[in-house]
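Visitor: Got a sequence here, can you model it:
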Amino acid sequence: MLLAVLVFLMVRSKPKEYESETEIFTGIASGLNLTNVDRTNVDFFATANAYDNLLNIIKSRQTLEETGEELLALHISLDGPTAEIIGDEAWNQMMELLTPELYNELKSPKGIDSCLANIRNWKTKNYNTFRGKIIFNQEESPYSFKAISKISVTRIQNSDLINIKYKYTDPGICKSTLEILSKVFIRRMYEIKASQSNNAVEYFRKQVAIAREELNAAEERLKQFRIQNNIINYGEQTKSIATMKEQMEDEFQKELAVRASNKSALEKLESQLAVNKQLIKFSDELLEKRRELAKIQAQITTMEIYYNDLSTINTLRRKAQELRAELSDLLTKRYQFSRTTEGVPNQALLEEWLKYTLALDESEARLRIFDERRRYFEKLYNEFAPLGSLLARYEREIGVAEKNYLELLHSLNQAIMRQQSDMISAGGLVVSVPPYFPLKPLPSKTAVMVAAAGVVGFMLPLIVLVLLEFFDSTLKNPIRAESVVGKKLLGTYPTLKLTKADRGVDLEWVKKQTVGLSLQTIRLEQYIKSKQVSRPFFIAFLSTRAKEGRTLMIHELANRLVMLQYRVLVLLPDDTPDLDDPAFYDRVVYKNDKSFEGAKRVEDLLPVGYSSNLYDYLFMEFPSLMNNMYPINVSMQAHMHVLVARANRTWVKADEYLLSEYSRSVNTEIRLLLNRVNIDELEVVLGEIPKERSYLRKLLKRLVVAEFKTA
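Guide: Numbers count the residues shown, from 1 in each chain. Predicted structure coming up:
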């Protein structure tokens, strides 16, 4: 209720708000795109990403700050309030923010653009000053990015439209802010797209120029290499050289055979002309003609192989024919009347001898030319062999450079296309629905907020209580303790530290009641077993941990039994501290040592002069199970076992394990005595506990128990 009142007081003086909205067509999903003109492929992920970028740019600080600056420039350019742009109250607020001096300083007769320049110059110098902060950084100022950041930007379903809404206390400012925001946003989108695309295009232009220079350099190196090594077409040239060499080798081998044949025939003829051989050999004129003929024949062979000049070859052939005729005439005259050793006429043989002699000379001349040709081919092979790998390397360099150039050129074309596409898409942002001037303020939400505050004020404490209860892992109350520990409850005992909420509680009455209930259960148990067991009724008090309150519980129960005329003997460890409250029972201490651990009977722990048979009840406190050992024989003799545990502690696996092991050494049931229980939790056992309660607490309590009665 208090929260609802506070909310009402806070919101009742809040000024009414006006709302306007505008719609902008983006063309992202269905607009023209040069990279996908026919719109056959729609990338939904890219579309969603584009819309995210769009919305973030609208909400960006720079966009909002530019909008605030232009809105202030628009207002300063006016001579007074105008309902469509700024109302009277908003005008007065602006003058309070600026002060008349600053207003006159920023105002310019040249128009809005000049005012805007003045505003930006002043903002740069004075942004961190007090005046600059309240104008451009305070939420109450319509020119601050904090105020304008309250715009709501959403995409209209899956369309190309985005909706922008804005609320403000002045309808003119509401409409003007949306108009300026739309203009600033569209301009910024164009600038971002242009900057992004220009950077990419410029980068690829530079890379294409570098790649072109590298390609030209590689081609120039190949060109110089071909010129230096006389290479026109390396493949064809090497193929031609190989073919010519093979042909030359064939002709060379044939010529060798011809020479061998001519030489053999000549040797046979010379043997037949043995008598006149010396005359033939040493005839100066004949030898001179023969040498001249051999020289001409060599010239003919050279011309046929290298130059293929027909006119020169024919001239040389005619001259050779003339020399052959002259040689024939000389031989005919010399040996006209001679015969061979066999009596054969020499003329026929001489003609044959001359024929083969000339053929042999011609063959040897051709063989010399072929030998030179072979050496030429060997030299040519040695020169061309290493040129192939160098030529391949230069061609690879050109290939790599050309591929790199073409890739970069393709990327440049793509970047240019993307640039033009971005320009088209950025220019495609159109305000399809201009912002309207709101005539009525938005309905007040005061009633809703007050009601919500009332509900929250009621539910929040309840939720907190439920959460505290849910996350509270302590034993806490008798019901939870029985469930967690797994042992039946013997009784409870209250906490001795009362809170403010427990003021007025009669603690002594609560202690008396809880101890009485516990004793009632013990006496009932003793009565049931009285026919089976002899005196005294032996009760073992134990706990899994130290400082659980065993001594106090024994003290309270023993004193109450003594008041009921029962004789009680209490056995305590020698390290048990003394209590302030007087004890009316007999008390004996034992040493927690090996004698205790090895005791077979309770009597082994009693000093001389004590007999347990003289007592009605025997209460024995066992040391904590977690830190000490206990006599198993003694524990098995107990008629009843009482586990003492604090309500404000947690029950963990170690406690569960220790209690489980102890249960194996006893013959009777273990009962739970819950100590230090909060007063409110004792109502489960004692019923409603008398104490002072406020009217609200009484009402809530009765609501919980469904007792709708007058307090």
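
Visitor: Show the average pLDDT along stretch 559-574.
Guide: Here stretch 559-574 scores 96 as its mean pLDDT.

Visitor: Report the buried residues of it.
Guide: 559-562, 566, 568-573 (16 or more other C-beta atoms under 10 Å). Placement of C-beta: from N, CA and C, glycine included.

Visitor: give me the element the closest residue to Leu625 other than its chain neighbours is part of.
Guide: Spatial nearest neighbour of Leu625, chain neighbours left out: Leu658 (4.4 Å); criterion: C-beta to C-beta, 6 or more residues apart in numbering. Here Leu658, judged by DSSP states H and E, is contained in helix 653-663.

Visitor: Any chance you could list what contacts the next helix or strand after that helix?
Guide: Using DSSP H and E, the helix or strand that directly follows helix 653-663 along the chain is strand 670-677. Under the criterion C-beta atoms under 8 Å, 6 or more residues apart in numbering, residues 475, 477-478, 481-482, 485, 487-496, 518, 521, 541, 548-549, 552-553, 640-648, 659, 662-663 lie in contact with strand 670-677.

Visitor: Can you spell out the domain ranges of the chain, please?
Guide: Domain ranges of the chain: 2-201+418-433, 235-388, 473-704, per automatic domain parsing.

Visitor: ok, back up a step: and the helix holding Leu658 with strand 670-677, angle?
Guide: Using axes from the mean of the first three to the mean of the last three C-alpha atoms, to 10 degrees, the direction of helix 653-663 lies 140 degrees away from that of strand 670-677.

Visitor: re the thing from before, any chance of the domains of the chain in a markdown table, with distance to Leu406 too?
Guide: What follows is these, written out as a markdown table (distance: least, C-beta to C-beta, whole Å):
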| stretch | distance to Leu406 |
| --- | --- |
| domain 2-201+418-433 | 18 |
| domain 235-388 | 25 |
| domain 473-704 | 73 |
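
Visitor: any idea which of those scores lowest on pLDDT?
Guide: For the domains of the chain, the bottom mean pLDDT is recorded on domain 235-388, which sits at a mean of 71.

Visitor: mind checking which of the domains of the chain is nearest Lys440?
Guide: domain 2-201+418-433 (7.8 Å; C-beta to C-beta).

Visitor: Can you give the distance of that closest one from its chain's centre?
Guide: Here the centre of domain 2-201+418-433 is set off from its chain's centre by 33 Å, with C-alpha atoms, centre = their mean, to the nearest Å.

Visitor: before we move on, the earlier item: need the buried ones from the contacts of strand 670-677 selected in ChimeraX.
Guide: Filtering those down to the buried ones (16+ other C-beta under 10 Å) takes a single ChimeraX command:
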select :475,477,478,481,485,487,489,490,491,492,493,494,495,518,521,541,548,549,552,553,640,641,642,643,644,645,646,647,659,662
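
Visitor: if you look at the contacts of strand 670-677, which of them are in strands?
Guide: Judged by DSSP state E, strands contain the following of the contacts of strand 670-677: 489-494, 541, 640-646.

Visitor: Which SSE is immediately downstream of the longest helix seen in the chain?
Guide: In the chain, taking DSSP state H as the definition, the longest helix is helix 171-228. For helix 171-228, the following helix or strand on the C-terminal side (DSSP H and E) is helix 234-272.

Visitor: Could you tell me the angle between that next one and helix 171-228?
Guide: 10 degrees.

Visitor: Going by contacts, tell me the helices and strands next to helix 234-272.
Guide: Applying 3 or more C-beta pairs under 8 Å, 6 or more residues apart in numbering; DSSP states H and E, we find helix 234-272 packed against helix 346-384, helix 387-427.

Visitor: change it to 6 Å
Guide: In terms of contacts (3 or more C-beta pairs under 6 Å, 6 or more residues apart in numbering; DSSP states H and E), helix 234-272 is packed against helix 346-384.

Visitor: What sits closest to Asn627 if chain neighbours are left out?
Guide: Setting aside the residues directly before and after it, Asn627 is nearest to Ala546 in space (C-beta to C-beta, 6+ apart), at 6.5 Å.

Visitor: And the one you found, which helix or strand is it part of?
Guide: Per DSSP H and E, there is no helix or strand for Ala546.

Visitor: Please apply the same query to Ile689.
Guide: Counting by DSSP H and E, Ile689 is found in no helix or strand.

Visitor: do Phe596 as well
Guide: Using DSSP H and E, Phe596 sits within helix 594-597.

Visitor: if we look at that helix, which residues are touching it?
Guide: With contacts defined as C-beta atoms under 6 Å, 6 or more residues apart in numbering, helix 594-597 is touched by 590, 629, 631.

Visitor: and that helix, how far from the chain's centre?
Guide: 66 Å.

Visitor: list the buried ones in that helix?
Guide: So helix 594-597, judged by 16+ other C-beta under 10 Å, has buried residues Phe596.

Visitor: re earlier: check whether the residue nearest to Asn627 really touches Ser624, as I assumed.
Guide: Yes - contact status for Ala546 versus Ser624: in contact at 4.4 Å, counting by C-beta atoms under 6 Å.

Visitor: Looking at these two, which is more packed in?
Guide: Between Ala546 and Ser624, counting by other C-beta atoms under 10 Å, Ser624 is the more crowded of the two (17 against 12).

Visitor: Which secondary structure state is assigned to that one?
Guide: coil (DSSP: H, G, I helix; E, B strand; the rest coil).

Visitor: just the one 3 residues further on next, same as before
Guide: Going by three-state DSSP, the secondary structure assigned to Asn627 is coil.

Visitor: do you know how far it is from Pro577?
Guide: 16 Å (C-beta to C-beta, to the nearest Å).

Visitor: go on, Thr26?
Guide: For Thr26 relative to Pro577 (C-beta to C-beta), the value is 82 Å.

Visitor: same thing with Met189?
Guide: 82 Å.

Visitor: Mind checking which of these two has more residues around it?
Guide: Under the criterion of other C-beta under 10 Å, the comparison of Met189 against Pro577 puts Met189 first, with 22 against 6.

Visitor: any idea how far that one lies from Val430?
Guide: From Met189 to Val430 the distance is 12 Å (C-beta to C-beta).

Visitor: Got the phi and psi for Pro631?
Guide: Backbone torsions of Pro631, given as degrees, to the nearest 10, read phi -80, psi 120.

Visitor: Which residue is the nearest non-sequential neighbour of it?
Guide: Using C-beta to C-beta, 6+ apart, the nearest residue to Pro631 is Ala599, at 4.3 Å.

Visitor: which residues does the one you found contact?
Guide: Contacts for Ala599 (C-beta under 6 Å, 6+ apart) come out as 605, 631, 634.
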